[in-house]
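Chemist: Okay, here's the prediction I keep looking at, along with the sequence it came from:
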Amino acid sequence: MHKPLSPLLLFPVLGIVALLSVAIACSMGSVSLSLSELVQASVELISGQNQSLPAALLELRLDRALSGFVTGASLALSGVLMQALLRNPLADPYVLGISSGASVGALSAIFFLGVGMWVSVSALAGALIVAVLLFAFAYRDFRGSGATETNAPLLILTGVIIASFCGAIVTLLLSIAPDRSMRGMIFWMIGDLSNSPPTLWTWALLCAVFAFIWHQARAMNIGAMHADHAINFGVDIGRLRKSLFFCAALLTASAVSSAGSIGFVGLIIPHACRFAVGSDHRVLVPSACFAGGSFLVLADALARTVLAPQQLPVGVITAMIGVPLFLMQLHHIRQGKSS
């Protein structure tokens with residue numbers, strides 16, 4: 001039986017890995033930076049003197065790394081919440097179609113307005129509209145006090161139907177889009193961090209949701225193990241479901257509106273963390289945030305350098321890494337069930 005890592009050891013390790021991932025991302029690129037250049041450039045940035053080439057490169061790469069970290073952490077945490085809400089380890093942030101609404105908003109902005117700040121705003125609006133529609137159509141599924149397995153299929157089906165409608169609109173936009181807009185549309189749908197500077201509101205949202213969910217970790221543990229009798233433990237399952245849904249929707253909308261539809265982060269990272277630290281959400285939630293952020297930062301660094309100076313969409317790298325990792329995780333799950 002696999003023994004989870006101790007939190008006293010785990011959290012410092014995750015913090016160090018996060019810092020190392022950002023440092024590696026800042027040093028990698030078509031022009032690499034040595035450790036001494038990285039330290040000197042950091043000193044220049046702190047002192048406000050960023051006239052040298054290493055300092056300029058560090059500033060650009062640091063912004064992108066921080067954007068990647070908050071996006072990866074948001075997707076990983078959203079994946080944990082979706083899996084807890086649906087009680088399905090195969091659920092991910094995109095399973096209910098919220099990202100499809102963001103795709104409609106973003107591609108509509110690219111089609112009618114071109115690239116710019118309106119792409120992120122339209123993607124966020126599209127994701128939130130779909131989240132509100134989904135909640136309105138599946139309201140009964142969030143009210144019950146019994147086990148979530150009864151309602152999860154209907155909730156997923158509602159999301160699939162809404163996603164299919166959004167997918168039809170996306171296909172229409174791609175079919176009639178001019179060539180000058182096609183590249184931007186495709187890159188956004190795959191997932192790309194090149195035009196995704198870190199913003200204060202994305203960090204504020206992640207921190208607020210993280211604090212709230214960590215406070216609800218005990219209730220999530222009870223809901224996962226004793227949903228039918230949760231009221232006896234002082235847990236309102238209906239309210240918990242609504243909280244999980246809206247927090248996951250906000251995180252997904254934030255991540256997708258900033259960087260596009262980056263796949264597999266919200267699926268494989270919660271699985272990997274659950275295997276490493278166990279299913280206790282008091283440990284799983286922070287672990288997923290740190291691991292998801294670090295994973296996406298390193299994946300983006302690889303996307304920038306593997307064909308440098310040409311840059312790949314980071315969604316390509318996460319898919320190429322995520323598919324074999326997910327198959328390995330499925331293999332471990334099957335082995336555990338057969339033993």
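Modeler: Okay, I see it. Please read these numbers as outputs of a predicted model, since none were measured by experiment. Numbering: from 1, shown residues only.

Chemist: contacts, neighbours, all on C-alpha from now
Modeler: Fine.

Chemist: As PDB, could you dump the C-alpha coordinates of stretch 236-243?
Modeler: The C-alpha coordinates for stretch 236-243 follow below in PDB (Å, rounded to 0.1, in the frame of the first residue of the first chain):
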ATOM      1  CA  ASP A 236     -24.900  20.900   4.200                       C
ATOM      2  CA  ILE A 237     -24.200  18.900   1.100                       C
ATOM      3  CA  GLY A 238     -26.500  21.100  -1.100                       C
ATOM      4  CA  ARG A 239     -24.600  24.200  -0.100                       C
ATOM      5  CA  LEU A 240     -21.200  22.400  -0.500                       C
ATOM      6  CA  ARG A 241     -22.100  21.400  -4.100                       C
ATOM      7  CA  LYS A 242     -23.000  24.900  -5.000                       C
ATOM      8  CA  SER A 243     -19.800  26.200  -3.500                       C
END
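
Chemist: buried residues in that stretch?
Modeler: For stretch 236-243, a neighbour-count test (16 or more other C-alpha atoms under 10 Å) marks 236-238, 240-243 as buried.

Chemist: where do the helices sit along the chain?
Modeler: Using DSSP state H, the helices of the chain run over 7-27, 35-47, 53-86, 98-113, 117-137, 152-176, 179-190, 200-215, 217-225, 237-259, 265-277, 281-305, 314-338.

Chemist: Remind me what the longest one packs against, helices and strands.
Modeler: Counting contacts by 3 or more C-alpha pairs under 8 Å, 6 or more residues apart in numbering; DSSP states H and E, the secondary-structure elements packed against helix 53-86 are helix 7-27, helix 35-47, helix 200-215, helix 237-259, helix 265-277, helix 281-305.

Chemist: Those: which one's closest to residue 155?
Modeler: Ranking those by proximity to residue 155 (C-alpha to C-alpha) places helix 237-259 first, at 10.9 Å.

Chemist: what bits of the stretch 51-200 of the chain have low per-residue confidence?
Modeler: By pLDDT under 70, the weakly predicted segments of the stretch 51-200 of the chain are 115-116, 140-151, 198.

Chemist: how about a cut-off of 90?
Modeler: Within the stretch 51-200 of the chain, the segments meeting pLDDT under 90 span 51-60, 84-99, 106, 109-124, 133-160, 177-200.

Chemist: ok, back up a step: can the buried residues of stretch 236-243 go into TSV with extra columns for pLDDT and distance to residue 272?
Modeler: Shown next, in TSV, are those (pLDDT from 0 to 100; distance: C-alpha to C-alpha, whole Å):
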residue	pLDDT	distance to residue 272
236	75	29
237	78	26
238	79	28
240	85	24
241	86	24
242	87	26
243	90	24
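
Chemist: any chance of the helices of the chain in a markdown table, plus distance to residue 92?
Modeler: Listed next are those as a markdown table, based on distance: least, C-alpha to C-alpha, whole Å:
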| stretch | distance to residue 92 |
| --- | --- |
| helix 7-27 | 22 |
| helix 35-47 | 36 |
| helix 53-86 | 5 |
| helix 98-113 | 11 |
| helix 117-137 | 15 |
| helix 152-176 | 11 |
| helix 179-190 | 16 |
| helix 200-215 | 17 |
| helix 217-225 | 17 |
| helix 237-259 | 10 |
| helix 265-277 | 5 |
| helix 281-305 | 13 |
| helix 314-338 | 12 |
